[in-house]
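1. sequence? don't have it. structure:
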């Protein structure tokens, strides 16, 4: 496994990396990059260049709106690990806990109560960790 800093990076990667760090935090991004091997590095490139630069850096929506969309889509897709990360990101992007609660209630109605229940459970875990009660 080669170190991620040894890999060539495009300008889109660097722009996306800055956005990814701002939303998800340095610790999470550093772990993702450090654990990428030759097999998984192309997924890091795709995610960082396309998702975090070409989409998140578009001017049409602010980061708060993109976070709301992500919470709904990720909950609907039943991706709890990603939901946890994006709840943290939503907080970083300015959503309050009360706004996140409203998003999760809407998820429960449109995606189903089990998705809502899981989403609330994950959000409470994130809030407890942030509050130091985990």
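-> Alright, I've got the coordinates. Computed from a prediction, not measured in an experiment: that's the story for all the values here.

2. From here on, just use CA atoms for contacts and neighbour counts.
-> Fine.

3. How far does the helix or strand hosting residue 130 sit from its chain's centre?
-> Take DSSP states H and E as the rule and residue 130 turns out to sit in helix 113-131. Relative to the centre of its chain, helix 113-131 is centred 15 Å away, using C-alpha atoms, centre = their mean, to the nearest Å.

4. Could you list the buried residues of it?
-> Across helix 113-131, burial judged by 16 or more other C-alpha atoms under 10 Å covers 115, 116, 118, 119, 120, 122, 123, 124, 126, 127.

5. Which elements pack onto the helix or strand where residue 14 lies?
-> Element membership for residue 14, per DSSP H and E: helix 11-24. For helix 11-24, the elements it packs on are helix 80-92, judged by 3 or more C-alpha pairs under 8 Å, 6 or more residues apart in numbering; DSSP states H and E.

6. next one: the helix or strand just after the helix it packs on to chain centre, how far?
-> Helices and strands here follow DSSP H and E; after helix 80-92, the next one along the chain is helix 97-111. Mean-position distance between helix 97-111 and its chain equals 17 Å (C-alpha atoms, centre = their mean).
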